[in-house]
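Chemist: structure for the following, please:
(2 chains)
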Protein chains: 2
Amino acid sequence: MKQQINVQGMTCEHCVKAVAEELSAVTGVTDVQINLVADGTSTVVVETDQTLTDEQIRAALSEAGGYQLV
Amino acid sequence: MKQQINVQGMTCEHCVKAVAEELSAVTGVTDVQINLVADGTSTVVVETDQTLTDEQIRAALSEAGGYQLV
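Modeler: Take a look at the predicted model:
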């Protein structure tokens, strides 16, 4: 299934790469697509076998560099 | 000696890390200190045995992620 996540604090392609890597490492995630909005809320669409919990998402965003789930 | 470089386009700590790594790899550079200004011109102070040329600096900034020497 596809799950959309809204993320604040991503500003550049390094951020995109970091978030993609951390979310890709979560169990069940098979694809991550990110639409970077550098001065606002970026949208992330995760293809996953099982819906991610907010806790899983927050942990991945924090690990990637302190990004905020909104 | 210390050489100050003004750089545009850096937005986050990933950018800081990438620029520091590329400049540190230039011959003669022994230290790199970066003051990130995410919405403007960041200042980079390089400690180096020999003054870097604009070409060397531009090459490093490009490699780090397309940042601009100003």
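Chemist: which parts of chain A sit against chain B?
Modeler: Contact residues, chain A versus chain B (CB under 8 Å from any CB of the partner chain): A:Thr11, A:Cys12, A:Glu13, A:His14, A:Cys15, A:Ala18, A:Ala38, A:Gly65. C-beta: built from backbone N, CA, C; applies to glycine.
Chemist: not counting its neighbours along the chain, what's nearest A:Asp54?
Modeler: Closest residue to A:Asp54 in three dimensions, ignoring its sequence neighbours and counting by CB to CB, 6 or more residues apart in numbering or on different chains: A:Leu69, at 6.4 Å.
Chemist: now A:Gln56
Modeler: Spatially, and ignoring its direct neighbours in sequence, A:Gln56 is nearest to A:Val26 (5.6 Å; CB to CB, 6+ apart).
Chemist: for the residues of chain A next to chain B, give me JSON lines that also has pLDDT and secondary structure.
Modeler: Converted to JSON lines, those look like this (pLDDT from 0 to 100; DSSP: H, G, I helix; E, B strand; the rest coil):
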{"residue": "A:Thr11", "pLDDT": "94", "secondary structure": "coil"}
{"residue": "A:Cys12", "pLDDT": "93", "secondary structure": "coil"}
{"residue": "A:Glu13", "pLDDT": "92", "secondary structure": "helix"}
{"residue": "A:His14", "pLDDT": "94", "secondary structure": "helix"}
{"residue": "A:Cys15", "pLDDT": "95", "secondary structure": "helix"}
{"residue": "A:Ala18", "pLDDT": "96", "secondary structure": "helix"}
{"residue": "A:Ala38", "pLDDT": "89", "secondary structure": "coil"}
{"residue": "A:Gly65", "pLDDT": "92", "secondary structure": "helix"}
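Chemist: of those residues, buried ones?
Modeler: Neighbour-count burial (16 or more other CB atoms under 10 Å in any protein chain shown) applied to those gives A:Thr11, A:Cys12, A:Glu13, A:His14, A:Cys15, A:Ala18, A:Gly65.
Chemist: any idea which of those is closest to B:Asp31?
Modeler: Of all these, A:His14 has the smallest distance to B:Asp31: 22.1 Å, by CB to CB.
Chemist: thanks again, I'm all set now.
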